[in-house]
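# Quick check, what structure comes out for this input:
(chains A and B)
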2 protein chains.
Amino acid sequence: MSKDVAAAFLRARRPEQKQQRYAAILDAARELAARDGVGAVSLAGIAAQVGMHKSALLKYFETREEIFLRLAETEWREWAAGATGALAAAGPAPRDVADALTRSVAERPLFCQLLLHSPLTLERNVSIEVVRAFKQVIHDVLAEVRGALQKALPALAPDACTDLLVMSGLAAAGLWQAAHPPPQVAAVYAERGGAECPDFTESLGRFVRVHLTGLLHESGVPDSGPRFCG
Amino acid sequence: MSKDVAAAFLRARRPEQKQQRYAAILDAARELAARDGVGAVSLAGIAAQVGMHKSALLKYFETREEIFLRLAETEWREWAAGATGALAAAGPAPRDVADALTRSVAERPLFCQLLLHSPLTLERNVSIEVVRAFKQVIHDVLAEVRGALQKALPALAPDACTDLLVMSGLAAAGLWQAAHPPPQVAAVYAERGGAECPDFTESLGRFVRVHLTGLLHESGVPDSGPRFCG
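Numbering: from 1, shown residues only, chains lettered A, B, ... in the order given. Next up is the predicted model:
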(Lines give C-alpha, C1' and ligand atoms only; values in the text may rest on other atoms or scores of the structure.)
Protein backbone atom coordinates (compact mmCIF):
# COMPACT_ATOMS: atom_id res chain seq x y z
CA MET A 1 0.00 0.00 0.00
CA SER A 2 1.10 3.66 -0.47
CA LYS A 3 2.79 5.55 2.33
CA ASP A 4 -0.24 7.80 2.95
CA VAL A 5 -2.67 4.88 3.05
CA ALA A 6 -0.29 3.00 5.33
CA ALA A 7 -0.09 5.97 7.71
CA ALA A 8 -3.89 6.26 7.87
CA PHE A 9 -4.05 2.53 8.45
CA LEU A 10 -1.64 2.77 11.37
CA ARG A 11 -3.67 5.62 12.94
CA ALA A 12 -6.90 3.56 12.73
CA ARG A 13 -9.17 4.52 15.61
CA ARG A 14 -12.76 4.10 14.43
CA PRO A 15 -14.52 0.70 14.70
CA GLU A 16 -14.66 0.22 10.93
CA GLN A 17 -10.95 0.99 10.68
CA LYS A 18 -10.25 -1.56 13.41
CA GLN A 19 -12.38 -4.07 11.54
CA GLN A 20 -10.33 -3.39 8.40
CA ARG A 21 -7.11 -4.04 10.28
CA TYR A 22 -8.50 -7.25 11.74
CA ALA A 23 -9.43 -8.45 8.26
CA ALA A 24 -6.07 -7.35 6.82
CA ILE A 25 -4.21 -9.44 9.42
CA LEU A 26 -6.28 -12.51 8.52
CA ASP A 27 -5.71 -11.89 4.80
CA ALA A 28 -1.95 -11.62 5.33
CA ALA A 29 -1.89 -14.89 7.31
CA ARG A 30 -3.95 -16.62 4.63
CA GLU A 31 -1.64 -15.39 1.87
CA LEU A 32 1.53 -16.48 3.68
CA ALA A 33 0.04 -19.88 4.60
CA ALA A 34 -0.91 -20.49 0.96
CA ARG A 35 2.65 -19.65 -0.10
CA ASP A 36 4.76 -21.21 2.68
CA GLY A 37 2.48 -23.62 4.56
CA VAL A 38 0.78 -22.92 7.91
CA GLY A 39 3.63 -24.42 9.94
CA ALA A 40 6.19 -22.01 8.45
CA VAL A 41 4.28 -18.75 9.12
CA SER A 42 5.36 -16.79 12.22
CA LEU A 43 3.69 -13.89 13.99
CA ALA A 44 6.60 -11.66 12.94
CA GLY A 45 6.06 -12.72 9.32
CA ILE A 46 2.37 -11.83 9.46
CA ALA A 47 3.16 -8.47 11.10
CA ALA A 48 5.72 -7.66 8.39
CA GLN A 49 3.31 -8.67 5.63
CA VAL A 50 0.51 -6.43 6.93
CA GLY A 51 2.90 -3.57 7.81
CA MET A 52 2.22 -3.45 11.55
CA HIS A 53 4.36 -3.89 14.62
CA LYS A 54 3.99 -7.25 16.37
CA SER A 55 2.82 -5.48 19.53
CA ALA A 56 0.04 -3.66 17.62
CA LEU A 57 -1.04 -6.92 16.03
CA LEU A 58 -1.37 -8.51 19.47
CA LYS A 59 -4.10 -5.98 20.31
CA TYR A 60 -6.24 -7.79 17.74
CA PHE A 61 -5.31 -11.43 18.39
CA GLU A 62 -4.02 -13.30 21.46
CA THR A 63 -1.40 -15.28 19.57
CA ARG A 64 -0.29 -16.46 16.13
CA GLU A 65 -2.42 -19.54 16.84
CA GLU A 66 -5.58 -17.48 17.34
CA ILE A 67 -5.09 -15.90 13.92
CA PHE A 68 -5.02 -19.35 12.31
CA LEU A 69 -7.94 -20.68 14.36
CA ARG A 70 -10.03 -17.68 13.19
CA LEU A 71 -8.99 -18.49 9.62
CA ALA A 72 -9.98 -22.09 10.33
CA GLU A 73 -13.46 -20.95 11.45
CA THR A 74 -13.89 -19.21 8.10
CA GLU A 75 -12.55 -22.23 6.24
CA TRP A 76 -14.98 -24.58 8.05
CA ARG A 77 -17.92 -22.30 7.23
CA GLU A 78 -16.92 -21.94 3.59
CA TRP A 79 -16.39 -25.70 3.34
CA ALA A 80 -19.91 -26.21 4.76
CA ALA A 81 -21.38 -23.93 2.11
CA GLY A 82 -19.50 -25.76 -0.65
CA ALA A 83 -20.24 -29.23 0.71
CA THR A 84 -23.98 -28.70 1.22
CA GLY A 85 -24.24 -27.33 -2.33
CA ALA A 86 -22.24 -30.22 -3.79
CA LEU A 87 -24.24 -32.82 -1.84
CA ALA A 88 -27.54 -31.28 -2.97
CA ALA A 89 -26.37 -31.48 -6.60
CA ALA A 90 -24.88 -35.01 -6.37
CA GLY A 91 -26.38 -38.06 -8.06
CA PRO A 92 -28.19 -40.64 -5.92
CA ALA A 93 -25.48 -43.38 -5.89
CA PRO A 94 -23.21 -43.66 -2.84
CA ARG A 95 -20.25 -43.15 -5.14
CA ASP A 96 -21.65 -39.82 -6.38
CA VAL A 97 -22.14 -38.66 -2.82
CA ALA A 98 -18.65 -39.78 -1.79
CA ASP A 99 -17.08 -37.99 -4.75
CA ALA A 100 -19.00 -34.76 -4.04
CA LEU A 101 -17.75 -34.83 -0.45
CA THR A 102 -14.17 -35.51 -1.56
CA ARG A 103 -14.16 -32.66 -4.06
CA SER A 104 -15.57 -30.22 -1.48
CA VAL A 105 -12.53 -30.94 0.73
CA ALA A 106 -9.87 -31.32 -1.95
CA GLU A 107 -10.63 -27.95 -3.54
CA ARG A 108 -9.73 -26.21 -0.24
CA PRO A 109 -5.97 -26.68 0.39
CA LEU A 110 -5.89 -24.25 3.33
CA PHE A 111 -8.78 -26.12 4.97
CA CYS A 112 -6.85 -29.39 4.61
CA GLN A 113 -3.76 -27.84 6.20
CA LEU A 114 -5.80 -26.39 9.05
CA LEU A 115 -7.51 -29.74 9.68
CA LEU A 116 -4.02 -31.01 10.49
CA HIS A 117 -2.72 -28.04 12.45
CA SER A 118 -5.81 -27.14 14.52
CA PRO A 119 -5.68 -30.01 17.03
CA LEU A 120 -1.93 -30.40 16.90
CA THR A 121 -0.69 -26.90 17.58
CA LEU A 122 -3.32 -24.18 17.14
CA GLU A 123 -5.68 -25.26 19.94
CA ARG A 124 -2.71 -25.45 22.32
CA ASN A 125 -1.77 -21.80 22.43
CA VAL A 126 -5.05 -19.91 22.80
CA SER A 127 -7.44 -19.12 25.66
CA ILE A 128 -10.42 -21.28 26.53
CA GLU A 129 -12.73 -18.59 25.05
CA VAL A 130 -11.11 -18.97 21.63
CA VAL A 131 -11.30 -22.78 21.84
CA ARG A 132 -14.97 -22.53 22.87
CA ALA A 133 -15.85 -20.35 19.86
CA PHE A 134 -13.91 -22.62 17.49
CA LYS A 135 -15.55 -25.82 18.75
CA GLN A 136 -18.98 -24.20 18.43
CA VAL A 137 -18.29 -23.39 14.78
CA ILE A 138 -17.22 -26.98 14.10
CA HIS A 139 -20.29 -28.29 15.91
CA ASP A 140 -22.66 -26.09 13.87
CA VAL A 141 -20.90 -26.81 10.59
CA LEU A 142 -20.95 -30.58 11.16
CA ALA A 143 -24.67 -30.44 11.98
CA GLU A 144 -25.33 -28.53 8.76
CA VAL A 145 -23.29 -30.84 6.52
CA ARG A 146 -24.65 -33.93 8.29
CA GLY A 147 -28.17 -32.74 7.37
CA ALA A 148 -27.18 -32.34 3.73
CA LEU A 149 -25.50 -35.76 3.73
CA GLN A 150 -28.58 -37.48 5.16
CA LYS A 151 -30.76 -35.80 2.58
CA ALA A 152 -28.43 -36.92 -0.22
CA LEU A 153 -28.19 -40.48 1.11
CA PRO A 154 -31.21 -41.36 3.29
CA ALA A 155 -29.94 -44.95 3.74
CA LEU A 156 -27.06 -43.66 5.87
CA ALA A 157 -27.97 -43.46 9.58
CA PRO A 158 -27.36 -40.13 11.39
CA ASP A 159 -24.50 -41.55 13.49
CA ALA A 160 -22.92 -43.00 10.36
CA CYS A 161 -23.11 -39.56 8.71
CA THR A 162 -21.17 -38.06 11.63
CA ASP A 163 -18.68 -40.91 11.47
CA LEU A 164 -18.09 -40.39 7.75
CA LEU A 165 -17.50 -36.64 8.17
CA VAL A 166 -15.22 -36.96 11.22
CA MET A 167 -13.14 -39.82 9.84
CA SER A 168 -12.88 -38.16 6.42
CA GLY A 169 -11.56 -35.06 8.19
CA LEU A 170 -8.90 -37.12 10.00
CA ALA A 171 -8.01 -38.94 6.78
CA ALA A 172 -7.75 -35.64 4.87
CA ALA A 173 -5.39 -34.23 7.53
CA GLY A 174 -3.15 -37.31 7.46
CA LEU A 175 -3.21 -37.72 3.68
CA TRP A 176 -2.45 -34.03 3.12
CA GLN A 177 0.64 -34.44 5.29
CA ALA A 178 1.69 -37.65 3.48
CA ALA A 179 1.13 -36.09 0.05
CA HIS A 180 3.26 -33.03 0.85
CA PRO A 181 6.49 -34.43 2.31
CA PRO A 182 9.48 -32.30 3.30
CA PRO A 183 12.42 -32.27 0.79
CA GLN A 184 14.50 -35.12 2.27
CA VAL A 185 11.42 -37.38 2.47
CA ALA A 186 10.46 -36.51 -1.11
CA ALA A 187 14.03 -37.40 -2.15
CA VAL A 188 13.78 -40.83 -0.49
CA TYR A 189 10.39 -41.45 -2.12
CA ALA A 190 11.94 -40.58 -5.49
CA GLU A 191 14.82 -43.06 -4.86
CA ARG A 192 12.24 -45.74 -4.07
CA GLY A 193 10.25 -45.17 -7.26
CA GLY A 194 7.71 -42.62 -6.05
CA ALA A 195 4.84 -45.01 -5.34
CA GLU A 196 4.89 -44.35 -1.58
CA CYS A 197 3.89 -40.69 -1.94
CA PRO A 198 0.10 -40.63 -2.29
CA ASP A 199 -1.88 -38.39 -4.63
CA PHE A 200 -4.06 -36.44 -2.21
CA THR A 201 -7.34 -36.20 -4.12
CA GLU A 202 -7.21 -39.77 -5.40
CA SER A 203 -6.35 -41.22 -1.97
CA LEU A 204 -8.99 -39.19 -0.20
CA GLY A 205 -11.56 -40.14 -2.83
CA ARG A 206 -10.79 -43.81 -2.40
CA PHE A 207 -10.93 -43.48 1.37
CA VAL A 208 -14.33 -41.75 1.38
CA ARG A 209 -15.83 -44.27 -1.08
CA VAL A 210 -14.56 -47.29 0.87
CA HIS A 211 -15.54 -45.94 4.26
CA LEU A 212 -19.01 -44.99 3.05
CA THR A 213 -19.47 -48.50 1.65
CA GLY A 214 -18.44 -49.91 5.02
CA LEU A 215 -20.82 -47.64 6.93
CA LEU A 216 -23.75 -48.47 4.65
CA HIS A 217 -23.17 -52.19 5.21
CA GLU A 218 -22.43 -51.95 8.92
CA SER A 219 -25.43 -49.78 9.73
CA GLY A 220 -27.72 -52.51 8.41
CA VAL A 221 -26.42 -55.03 10.93
CA PRO A 222 -25.19 -53.14 13.99
CA ASP A 223 -24.50 -56.07 16.35
CA SER A 224 -23.74 -59.08 14.23
CA GLY A 225 -20.61 -57.97 12.41
CA PRO A 226 -20.39 -57.34 8.67
CA ARG A 227 -22.63 -59.28 6.33
CA PHE A 228 -21.54 -60.33 2.88
CA CYS A 229 -23.40 -60.74 -0.36
CA GLY A 230 -21.81 -63.96 -1.60
CA MET B 1 23.06 -44.43 38.78
CA SER B 2 25.89 -44.22 41.37
CA LYS B 3 28.66 -41.66 41.02
CA ASP B 4 31.28 -44.31 40.13
CA VAL B 5 29.07 -45.91 37.51
CA ALA B 6 28.21 -42.51 36.12
CA ALA B 7 31.89 -41.62 35.87
CA ALA B 8 32.67 -44.88 34.05
CA PHE B 9 29.71 -44.22 31.79
CA LEU B 10 31.00 -40.76 30.91
CA ARG B 11 34.46 -42.15 30.09
CA ALA B 12 32.98 -44.77 27.75
CA ARG B 13 35.48 -45.56 25.00
CA ARG B 14 35.01 -49.19 24.01
CA PRO B 15 32.37 -50.15 21.39
CA GLU B 16 30.20 -51.98 23.94
CA GLN B 17 30.30 -48.95 26.22
CA LYS B 18 29.27 -46.73 23.33
CA GLN B 19 26.48 -49.14 22.55
CA GLN B 20 25.36 -48.90 26.19
CA ARG B 21 25.26 -45.13 26.00
CA TYR B 22 23.34 -45.21 22.74
CA ALA B 23 20.76 -47.51 24.34
CA ALA B 24 20.62 -45.40 27.52
CA ILE B 25 19.80 -42.28 25.49
CA LEU B 26 16.95 -44.10 23.73
CA ASP B 27 15.67 -45.44 27.06
CA ALA B 28 15.69 -41.96 28.57
CA ALA B 29 13.77 -40.53 25.60
CA ARG B 30 11.25 -43.37 25.80
CA GLU B 31 10.73 -42.81 29.53
CA LEU B 32 10.24 -39.05 29.17
CA ALA B 33 7.90 -39.48 26.19
CA ALA B 34 5.76 -41.94 28.16
CA ARG B 35 5.54 -39.44 31.05
CA ASP B 36 5.23 -36.09 29.23
CA GLY B 37 4.30 -36.88 25.61
CA VAL B 38 6.70 -36.86 22.64
CA GLY B 39 6.00 -33.23 21.78
CA ALA B 40 7.09 -32.02 25.23
CA VAL B 41 10.47 -33.78 25.35
CA SER B 42 13.52 -31.66 24.48
CA LEU B 43 17.11 -32.66 23.72
CA ALA B 44 18.19 -30.91 26.95
CA GLY B 45 15.62 -32.94 28.89
CA ILE B 46 16.92 -36.21 27.45
CA ALA B 47 20.53 -35.19 28.17
CA ALA B 48 19.65 -34.35 31.79
CA GLN B 49 17.75 -37.62 32.23
CA VAL B 50 20.66 -39.72 30.97
CA GLY B 51 23.29 -37.64 32.80
CA MET B 52 25.23 -36.45 29.75
CA HIS B 53 26.03 -33.10 28.28
CA LYS B 54 23.99 -32.16 25.22
CA SER B 55 27.17 -31.91 23.13
CA ALA B 56 28.20 -35.47 24.11
CA LEU B 57 24.73 -36.75 23.25
CA LEU B 58 25.00 -35.18 19.79
CA LYS B 59 27.94 -37.51 19.04
CA TYR B 60 25.41 -40.35 19.09
CA PHE B 61 22.43 -38.73 17.35
CA GLU B 62 22.10 -35.92 14.79
CA THR B 63 19.14 -34.26 16.51
CA ARG B 64 16.35 -34.77 19.05
CA GLU B 65 14.27 -35.89 16.07
CA GLU B 66 16.69 -38.67 15.15
CA ILE B 67 16.39 -40.07 18.69
CA PHE B 68 12.61 -40.31 18.30
CA LEU B 69 12.79 -41.72 14.75
CA ARG B 70 15.10 -44.49 16.05
CA LEU B 71 12.58 -45.17 18.82
CA ALA B 72 9.89 -45.22 16.12
CA GLU B 73 11.85 -47.88 14.18
CA THR B 74 11.84 -50.07 17.29
CA GLU B 75 8.14 -49.37 17.88
CA TRP B 76 7.25 -50.32 14.27
CA ARG B 77 9.22 -53.58 14.58
CA GLU B 78 7.69 -54.48 17.93
CA TRP B 79 4.23 -53.63 16.61
CA ALA B 80 4.88 -55.96 13.64
CA ALA B 81 5.79 -58.81 15.98
CA GLY B 82 2.66 -58.21 18.07
CA ALA B 83 0.36 -57.75 15.07
CA THR B 84 1.53 -60.84 13.17
CA GLY B 85 1.07 -62.93 16.33
CA ALA B 86 -2.40 -61.49 17.01
CA LEU B 87 -3.48 -61.97 13.38
CA ALA B 88 -2.29 -65.59 13.38
CA ALA B 89 -4.33 -66.23 16.53
CA ALA B 90 -7.48 -64.35 15.40
CA GLY B 91 -10.77 -66.06 14.53
CA PRO B 92 -11.77 -66.27 10.85
CA ALA B 93 -14.48 -63.54 10.83
CA PRO B 94 -13.54 -60.08 9.50
CA ARG B 95 -14.56 -58.65 12.85
CA ASP B 96 -12.07 -60.91 14.69
CA VAL B 97 -9.31 -59.82 12.34
CA ALA B 98 -10.22 -56.14 12.72
CA ASP B 99 -10.26 -56.39 16.50
CA ALA B 100 -6.88 -58.17 16.58
CA LEU B 101 -5.39 -55.39 14.47
CA THR B 102 -6.94 -52.69 16.66
CA ARG B 103 -5.63 -54.23 19.87
CA SER B 104 -2.12 -54.57 18.43
CA VAL B 105 -2.05 -50.79 17.89
CA ALA B 106 -3.98 -49.67 20.98
CA GLU B 107 -1.69 -51.53 23.37
CA ARG B 108 1.27 -49.43 22.19
CA PRO B 109 0.70 -45.80 23.26
CA LEU B 110 4.20 -44.67 22.27
CA PHE B 111 3.69 -46.17 18.79
CA CYS B 112 0.44 -44.21 18.43
CA GLN B 113 2.16 -40.98 19.44
CA LEU B 114 5.04 -41.61 17.04
CA LEU B 115 2.61 -42.35 14.17
CA LEU B 116 1.45 -38.77 14.64
CA HIS B 117 4.81 -37.10 15.18
CA SER B 118 6.95 -38.93 12.61
CA PRO B 119 5.62 -37.26 9.44
CA LEU B 120 4.76 -33.99 11.13
CA THR B 121 7.98 -33.05 12.87
CA LEU B 122 10.47 -35.92 13.23
CA GLU B 123 11.14 -36.51 9.52
CA ARG B 124 11.74 -32.77 9.06
CA ASN B 125 14.86 -32.39 11.15
CA VAL B 126 17.08 -35.33 10.20
CA SER B 127 19.42 -36.17 7.32
CA ILE B 128 18.33 -38.08 4.24
CA GLU B 129 20.25 -41.14 5.52
CA VAL B 130 18.10 -41.29 8.64
CA VAL B 131 14.90 -40.85 6.60
CA ARG B 132 16.05 -43.61 4.22
CA ALA B 133 16.65 -46.08 7.08
CA PHE B 134 13.30 -45.20 8.68
CA LYS B 135 11.30 -45.61 5.46
CA GLN B 136 12.98 -48.97 4.84
CA VAL B 137 11.89 -50.20 8.27
CA ILE B 138 8.29 -49.10 7.60
CA HIS B 139 8.38 -50.76 4.17
CA ASP B 140 9.65 -54.08 5.60
CA VAL B 141 7.23 -54.00 8.54
CA LEU B 142 4.24 -53.27 6.32
CA ALA B 143 5.20 -56.15 4.01
CA GLU B 144 5.42 -58.50 6.98
CA VAL B 145 2.09 -57.47 8.53
CA ARG B 146 0.41 -57.42 5.11
CA GLY B 147 1.43 -61.08 4.70
CA ALA B 148 -0.08 -61.98 8.07
CA LEU B 149 -3.26 -60.06 7.25
CA GLN B 150 -3.70 -61.84 3.92
CA LYS B 151 -3.20 -65.19 5.61
CA ALA B 152 -5.80 -64.30 8.26
CA LEU B 153 -8.29 -63.02 5.69
CA PRO B 154 -7.67 -64.50 2.23
CA ALA B 155 -10.73 -62.69 0.82
CA LEU B 156 -8.94 -59.35 1.20
CA ALA B 157 -6.91 -58.41 -1.90
CA PRO B 158 -3.22 -57.49 -1.40
CA ASP B 159 -3.81 -53.80 -2.26
CA ALA B 160 -6.75 -53.70 0.12
CA CYS B 161 -4.51 -55.13 2.88
CA THR B 162 -2.06 -52.26 2.33
CA ASP B 163 -4.93 -49.77 2.30
CA LEU B 164 -6.30 -51.08 5.59
CA LEU B 165 -2.89 -50.87 7.30
CA VAL B 166 -2.02 -47.40 5.98
CA MET B 167 -5.42 -45.85 6.64
CA SER B 168 -5.61 -47.46 10.09
CA GLY B 169 -2.25 -45.90 10.87
CA LEU B 170 -3.48 -42.44 9.80
CA ALA B 171 -6.71 -42.94 11.76
CA ALA B 172 -4.79 -44.05 14.85
CA ALA B 173 -2.58 -40.93 14.65
CA GLY B 174 -5.56 -38.59 14.34
CA LEU B 175 -7.73 -40.36 16.92
CA TRP B 176 -4.86 -40.45 19.43
CA GLN B 177 -4.57 -36.69 19.09
CA ALA B 178 -8.34 -36.19 19.42
CA ALA B 179 -8.55 -38.50 22.43
CA HIS B 180 -5.76 -36.69 24.29
CA PRO B 181 -6.69 -33.00 24.06
CA PRO B 182 -4.74 -30.20 25.76
CA PRO B 183 -6.25 -28.83 29.02
CA GLN B 184 -8.30 -25.95 27.57
CA VAL B 185 -9.80 -28.22 24.90
CA ALA B 186 -10.61 -30.87 27.54
CA ALA B 187 -12.33 -28.13 29.57
CA VAL B 188 -14.49 -27.09 26.60
CA TYR B 189 -15.39 -30.75 25.91
CA ALA B 190 -16.43 -31.10 29.57
CA GLU B 191 -18.65 -27.97 29.31
CA ARG B 192 -20.29 -29.48 26.24
CA GLY B 193 -21.05 -32.81 27.93
CA GLY B 194 -17.92 -34.77 27.03
CA ALA B 195 -19.32 -36.64 24.02
CA GLU B 196 -16.99 -34.90 21.55
CA CYS B 197 -13.83 -36.44 23.06
CA PRO B 198 -13.49 -39.91 21.56
CA ASP B 199 -12.39 -43.02 23.43
CA PHE B 200 -9.28 -44.06 21.51
CA THR B 201 -9.59 -47.85 21.48
CA GLU B 202 -13.33 -47.86 20.82
CA SER B 203 -13.07 -45.30 18.00
CA LEU B 204 -10.13 -47.05 16.37
CA GLY B 205 -11.92 -50.40 16.69
CA ARG B 206 -15.00 -49.02 14.99
CA PHE B 207 -12.89 -47.41 12.28
CA VAL B 208 -10.97 -50.61 11.46
CA ARG B 209 -14.15 -52.74 11.39
CA VAL B 210 -16.01 -50.31 9.12
CA HIS B 211 -13.10 -49.74 6.78
CA LEU B 212 -12.43 -53.47 6.48
CA THR B 213 -16.10 -54.06 5.65
CA GLY B 214 -15.87 -51.38 2.97
CA LEU B 215 -12.68 -52.85 1.50
CA LEU B 216 -14.14 -56.37 1.39
CA HIS B 217 -17.19 -55.11 -0.49
CA GLU B 218 -15.27 -52.73 -2.78
CA SER B 219 -12.62 -55.27 -3.77
CA GLY B 220 -15.34 -57.54 -5.17
CA VAL B 221 -16.44 -54.85 -7.62
CA PRO B 222 -13.48 -52.62 -8.40
CA ASP B 223 -14.93 -50.54 -11.23
CA SER B 224 -18.67 -50.49 -10.79
CA GLY B 225 -18.97 -48.79 -7.41
CA PRO B 226 -20.27 -50.46 -4.25
CA ARG B 227 -22.74 -53.30 -4.53
CA PHE B 228 -25.43 -53.87 -1.95
CA CYS B 229 -27.09 -56.99 -0.65
CA GLY B 230 -30.73 -55.83 -0.50
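# tell me the domain ranges of chain A?
Annotated domains of chain A cover A:1-61, A:64-230 [automatic domain parsing].
# Quick check: mean pLDDT of the last one?
The average pLDDT within domain A:64-230 is 91.
# rewinding a little: can you say which of the domains of chain A is nearest to chain B?
domain A:64-230 (3.0 Å; C-beta to the nearest C-beta). In short, each C-beta sits where N, CA and C put it, glycine included.
# chain center to that closest one: distance?
8 Å (C-alpha atoms, centre = their mean, to the nearest Å).
# what are the ranges of the helices in chain A?
Here chain A has its helices, by DSSP state H, at A:3-10, A:15-36, A:43-50, A:54-57, A:64-89, A:94-106, A:109-120, A:128-152, A:158-179, A:183-191, A:200-220.
# any chance of the domains of chain A in a markdown table, plus mean neighbour count and distance to chain B?
Listed next are the domains of chain A as a markdown table, based on neighbours: other C-beta atoms under 10 Å in any protein chain shown; distance: least, C-beta to the nearest C-beta, whole Å:
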| stretch | mean neighbour count | distance to chain B |
| --- | --- | --- |
| domain A:1-61 | 15 | 8 |
| domain A:64-230 | 19 | 3 |
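# Adding distance to residue B:116, write the ones you listed out as CSV.
Output for the domains of chain A, formatted as CSV (distance: least, C-beta to C-beta, whole Å):
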stretch, distance to residue B:116
domain A:1-61, 14
domain A:64-230, 8
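# Please identify which of those domains is closest to residue B:80.
Minimum separation from residue B:80 across these (C-beta to C-beta) falls at domain A:64-230, 17.5 Å.
# returning to that earlier point: just put the helices of chain A in CSV and tack on distance to residue B:178.
Output for the helices of chain A, formatted as CSV (distance: least, C-beta to C-beta, whole Å):
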stretch, distance to residue B:178
helix A:3-10, 40
helix A:15-36, 23
helix A:43-50, 27
helix A:54-57, 30
helix A:64-89, 15
helix A:94-106, 18
helix A:109-120, 6
helix A:128-152, 12
helix A:158-179, 8
helix A:183-191, 25
helix A:200-220, 17
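# Spit out the contact partners of the closest residue to residue A:83 other than its chain neighbours.
Counting by C-beta to C-beta, 6 or more residues apart in numbering or on different chains, residue A:83 lies nearest to residue A:104, which is 4.0 Å off, once chain neighbours are set aside. Shown in contact with residue A:104 (C-beta atoms under 8 Å, 6 or more residues apart in numbering or on different chains): A:79, A:82, A:83, A:86, A:87.
# which of those residues sit farthest apart?
Farthest pair in these (C-beta to C-beta) is A:79 and A:87. Separation: 11.8 Å.
# Next one: residue A:84 from residue A:147, what distance?
Separation of residue A:84 from residue A:147 (C-beta to C-beta, to the nearest Å): 8 Å.
# picking up where we left off before, which residues are common contacts for residue A:79 and residue A:87?
A:104, A:145.
# residues touching residue A:77, list them.
Residues counted as contacts of residue A:77 (C-beta under 8 Å, 6+ apart) are A:137, A:141.
# Recalculate using a threshold of 10 Å.
A:137, A:140, A:141, A:144 (C-beta atoms under 10 Å, 6 or more residues apart in numbering or on different chains).
# what do you get for residue A:83?
If you count contacts by C-beta under 10 Å, 6+ apart, residue A:83 has them with A:100, A:101, A:103, A:104, A:105, A:108, A:141, A:144, A:145, A:148, A:149, A:165.
# just checking, the second one touches residue A:171?
Meaning residue A:101. No - at 11.3 Å, residue A:101 does not count as touching residue A:171 under the criterion of C-beta atoms under 10 Å.
# Now list whatever residues contact both of those two.
Taking C-beta under 10 Å, 6+ apart as the criterion, residue A:101 and residue A:171 both touch A:204, A:208.
# Not including adjacent chain positions, what is the nearest residue to the residue most central in space within chain A?
Centroid-nearest residue in chain A, with C-alpha atoms, centre = their mean: residue A:111, separated by 2.6 Å. Nearest-residue entry for residue A:111: residue A:75, 4.2 Å, with adjacent residues in sequence omitted and distances by C-beta to C-beta, 6+ apart.
# can you tell me how far residue A:183 sits from residue B:126?
Taking C-beta to C-beta, one finds residue A:183 at 12 Å from residue B:126.
# dump the residue contacts of the nearest residue to residue A:205 once chain neighbours are set aside.
Nearest residue to residue A:205 in three dimensions, chain neighbours excluded: residue A:102, at 4.4 Å (C-beta to C-beta, 6+ apart). Neighbouring residues of residue A:102 by C-beta under 10 Å, 6+ apart: A:86, A:168, A:172, A:200-209.
# Show me the two of those that sit farthest apart.
A:86 and A:203 (19.0 Å).
# Hmm, residue A:31 is touching residue A:49, no?
Yes - counting by C-beta under 10 Å, residue A:49 is a contact partner of residue A:31 at 6.9 Å.
# Pull up the overlap in contacts between these two.
residue A:41.
# need the contact list for residue A:188.
By C-beta under 10 Å, 6+ apart, the contact set of residue A:188 is A:181, A:196-197, B:123, B:128-136.
# TSV for these, including distance to residue A:69?
Below are these laid out as TSV (distance: C-beta to C-beta, whole Å):
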residue	distance to residue A:69
A:181	25
A:196	32
A:197	29
B:123	26
B:128	34
B:129	37
B:130	33
B:131	31
B:132	36
B:133	37
B:134	32
B:135	33
B:136	38
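# just curious, which of those is nearest to residue A:58?
Using C-beta to C-beta, residue B:123 comes nearest to residue A:58 of these, at 32.5 Å.
# For the closest one, which non-adjacent residue is spatially closest?
Leaving aside its chain neighbours, residue B:123 sits nearest to residue A:185 (5.2 Å; criterion: C-beta to C-beta, 6+ apart).
# Double-check the residue nearest to the centre of chain A against residue A:73; I have them as touching.
No - contact between residue A:111 and residue A:73 fails when scored by C-beta under 10 Å: they sit 11.1 Å apart.
# and residue A:39, how far is that from residue B:33?
Separation of residue A:39 from residue B:33 (C-beta to C-beta) stands at 21 Å.
# Spatially nearest residue to residue A:54, not counting backbone neighbours?
Once flanking residues are discounted, residue A:54 sits nearest to residue A:47: 4.5 Å by C-beta to C-beta, 6+ apart.
# quick one: that neighbour and residue A:24 touch, right?
No - look at residue A:47 against residue A:24 with C-beta under 10 Å: they stay out of range, at 11.2 Å.
# Dihedrals phi and psi, residue A:198?
When read as degrees, to the nearest 10, the backbone of residue A:198 gives phi -70, psi 150.
# should've said residue A:90
Residue A:90 adopts backbone torsions of phi -70, psi 150, taken as degrees, to the nearest 10.
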